[in-house]
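A.B. asks: what's the 3D shape of this:
(2 chains)
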Amino acid sequence: MTIRVYNTLSRSKEDFVPREPGVVAMYVCGPTVYNHIHIGNARTFLTFDVIRRYLTFRGFDVRFVQNITDVDDKIIARAAEEGRPPAELAAEYTLAFRAAMDALGVERPTVQPKATETIPGMIEMTERLIKTGHAYVVDGDVYFSVRSFPGYGKLSGRNIDDLESGARVDVDERKQDPLDFALWKAAKPGEPHWPSPWGEGRPGWHLECSVMSEQELGLPFDIHGGGSDLVFPHHENEIAQSEAATGTQFARYWLHGGMLQINSEKMSKSLGNFTLLKDVLAAYPAPVLRLLMLQTHYRSPLDFSSDRLDDATRSYERLVTPLRNLEWAKRNRAVPTEQPAHADEIAAIEAAPEAARTAFAAAMDDDFNTAGALAALFDLVRALNGFLESHGIGDNARYAGRLDAAADTMRQLLGVLGVRIDTSSYTAEYPPLVLEIARDLAGYDGVDTRAAVEALLAARTVARNERNWAAADAVRDGLASLGLTVEDTAAGSRVVHRPAG
RNA sequence: GGCGACGUAGCCAAGUGGCAAGGCAGAGGCCUGCAAAGCCUUUAUCCCCGGUUCGAAUCCGGGCGUCGCCUCCA
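C.D. replies: Got it, this is the predicted structure:
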């Protein structure tokens, strides 16, 4: 079965056929490093991380290039505000960006070039464009002439005349056409600058993507990705530059991610709802945020709120629980009933992983439908839970192999979505306050939190056996006050620490 | 003004011609001392009006509503 992708260029879903069988050349616009990235940025990067992972899962060798824009008006402005060198600011936020991506579980690009390290290539492309009559020099600035490129507007579905009729295009007398954009900007005093045939200056924003993608991938490469707000003018301009300079097609499939909103409003500084990724990750585990985002198709708008994060936290728990319960059952050899499973029950649990794989791939093949893929996984969760509920691993762990197969499939497919599953939450570190509770309720006077929890559970078991519900519930309530939930299972009691929310 | 999306249950959301996925929340039941976790059952005139079709959430036309882009934006 072929993968189908929605191509902005054709405004339709197309069969995905890479230029070279088995190899995908992919470029995704990266951040301008003038601040910590916000969750809108994060959504886009997460989207293309999943697309990359899925293509890899489907057997493609993916070469993934992402730029870092480390010279730009916004960087210069912010550095001036803070009274320090732009390069220092850019370096700091480059590191912060990489750290945030690591924390989100986004795989590192194959290559991650910086704009400041691509200056010679950008000068070279600008020279080519001037020679071929697609660009002109004015006072040390170089502009691309949009009228010189007949295909201008083909990506965003606009034409030059429509665009000019809009009143919002700035008028610069020195430009031949208001839509012409800068390839090279003459440096003002105090700005970063590099020598060029047109004097000291710095590159325009659109140019780096054209140059880097050609250098690292060659033209035409397979997938160009970014947020849908980049369709115009950024990606339109990339196409114009690259195709005018090379005479060949630039990118074959254009994929654009939908915008993220906060509480149904556009994220903006003036509304005060500018949420940074690092702040979200400080409050919620990365897999929860990932799950929230993957429950909506990547091209649809996504409304972000803390309520939705809380919902996603419970969804995440639903994924973790069966894996945790299986581990617990294997460790404790718990057998809920002596009743052996019927042949049809065994057939069902044996068929479940393959059914999930098939449904997962069918959803992902259809323009990376992660919400559908998650539904396949939740169906597998139900199959696992159901079997575990009625038969556990069986006597002598006779069913463990079949259950492991289902669990392994879950882990693998969740891995394709980049969702890390942490089943260790019932063996995690416990807060020091359990020592106090254990001293009061279980007579424990040591300093080992885990032993303290064991002592509390043992005390509760004794109390329950004596039908002393008040004492038993005191233990449970005490642990609950620390965010620890007591669960009674066929193999005894355990404590589960759940993420916030 | 130009271009383009979207409107599916209380909330989120998949589904582009053939009995409406999934998650969260709710209800009932099972299990439990009570819980938790889990299981079972349950919750939809698919924004409105026309049209095409044996058959429409899905295609076409109109209307209403929400949103994005057109300026730096992921």
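A.B. asks: only the buried residues of the helix or strand where residue A:458 lies, if you could.
C.D. replies: Under the criterion of DSSP states H and E, residue A:458 resides in helix A:449-465. Buried residues in helix A:449-465, counted by 16 or more other C-beta atoms under 10 Å: A:449, A:452, A:453, A:455, A:456, A:457, A:459, A:460, A:463, A:464. From N, CA and C alone the C-beta is placed, and that goes for glycine too.
A.B. asks: which SSE is immediately downstream of it?
C.D. replies: Following helix A:449-465 toward the C-terminus (DSSP H and E): helix A:469-480.
A.B. asks: filter the buried residues of helix A:449-465 down to the ones near RNA strand B?
C.D. replies: residue A:464 (C-beta under 7 Å from any atom of the strand).
A.B. asks: what residues sit buried inside stretch A:141-150?
C.D. replies: A:141, A:142, A:143, A:144, A:145, A:146, A:148, A:149.
A.B. asks: can you give me phi and psi for the second one?
C.D. replies: Backbone torsions for residue A:142, taken as degrees, to the nearest 10, come to phi -120, psi 130.
A.B. asks: show me what contacts it?
C.D. replies: Residue A:142 makes contacts with A:126, A:129, A:130, A:135, A:136, A:182, A:183, A:184, A:198, as judged by C-beta atoms under 8 Å, 6 or more residues apart in numbering.
A.B. asks: so the third one lies in a strand, does it not?
C.D. replies: No - using DSSP: H, G, I helix; E, B strand; the rest coil, the assignment for residue A:130 is helix, not a strand.
A.B. asks: low-confidence stretches in chain A?
C.D. replies: Along chain A, the model assigns pLDDT under 70 to residues A:165-172, A:268-272, A:334-338, A:424-428, A:499-501.
A.B. asks: can you list the domains in it?
C.D. replies: In the domain annotation for chain A, the residue ranges read A:4-283, A:321-421, A:433-497 (automatic domain parsing).
A.B. asks: now render these as a markdown table, adding distance to residue A:291.
C.D. replies: Listed next are the domains of chain A as a markdown table, based on distance: least, C-beta to C-beta, whole Å:
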| stretch | distance to residue A:291 |
| --- | --- |
| domain A:4-283 | 11 |
| domain A:321-421 | 6 |
| domain A:433-497 | 18 |
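A.B. asks: the ones you listed: which one's closest to residue A:296?
C.D. replies: Among those, domain A:321-421 comes nearest to residue A:296, with 6.5 Å by C-beta to C-beta.
A.B. asks: how about the closest one and RNA strand B, touching?
C.D. replies: Yes - interface with RNA strand B: domain A:321-421 contributes A:321-322, A:325, A:363, A:366-367, A:369, A:371-372, A:374-375, A:378-379, A:381-382, A:385-386, A:388-389 (C-beta under 7 Å from any atom of the strand).
A.B. asks: quick check on those: which are buried?
C.D. replies: When the residues of domain A:321-421 next to RNA strand B are checked for burial by 16+ other C-beta under 10 Å, the buried set is A:321, A:322, A:325, A:363, A:366, A:367, A:369, A:374, A:375, A:381, A:388.
A.B. asks: in a markdown table, list the residues you listed along with secondary structure.
C.D. replies: Supplementary listing: those in a markdown table, determined by three-state DSSP:
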| residue | secondary structure |
| --- | --- |
| A:321 | helix |
| A:322 | helix |
| A:325 | helix |
| A:363 | helix |
| A:366 | strand |
| A:367 | coil |
| A:369 | coil |
| A:374 | helix |
| A:375 | helix |
| A:381 | helix |
| A:388 | helix |
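A.B. asks: and those residues, which is closest to RNA strand B?
C.D. replies: Nearest to RNA strand B, judged by C-beta to the nearest atom of the strand, of those is residue A:375 at 3.2 Å.
A.B. asks: which of the residues in stretch A:470-487 are classified as buried?
C.D. replies: Using 16+ other C-beta under 10 Å as the test for burial, stretch A:470-487 gives A:472, A:474, A:475, A:476, A:478, A:479, A:482, A:484, A:486.
A.B. asks: from the chain's centre, how far out does that stretch sit?
C.D. replies: From the chain centre to the centre of stretch A:470-487 is a distance of 36 Å (C-alpha atoms, centre = their mean, to the nearest Å).
A.B. asks: kindly report the same for stretch A:445-456.
C.D. replies: With C-alpha atoms, centre = their mean as the basis, stretch A:445-456 stands 39 Å off its chain's centre.
A.B. asks: contact partners of it?
C.D. replies: Residues contacting stretch A:445-456 (C-beta under 8 Å, 6+ apart): A:427, A:429-432, A:434-435, A:437-439, A:441-444, A:475, A:478-479, A:484, A:495.
A.B. asks: give the PyMOL command for selecting the buried subset of those residues.
C.D. replies: Only the buried entries of the contacts of stretch A:445-456 go into this PyMOL selection, using 16+ other C-beta under 10 Å:
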select buried, chain A and resi 430+434+435+437+438+441+442+444+475+478+479+484+495
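A.B. asks: among the contacts of stretch A:445-456, which lie within strands?
C.D. replies: Counted as lying in strands by DSSP state E, out of those, are A:484, A:495.
A.B. asks: run through the residues that contact the residue in the stretch 1-150 of chain A that RNA strand B sits nearest to.
C.D. replies: Taking C-beta to the nearest atom of the strand as the measure, the stretch 1-150 of chain A has residue A:40 as its residue closest to RNA strand B, at 2.4 Å. Under the criterion of C-beta under 8 Å, 6+ apart, the neighbours of residue A:40 are A:227, A:259, A:260, A:267.
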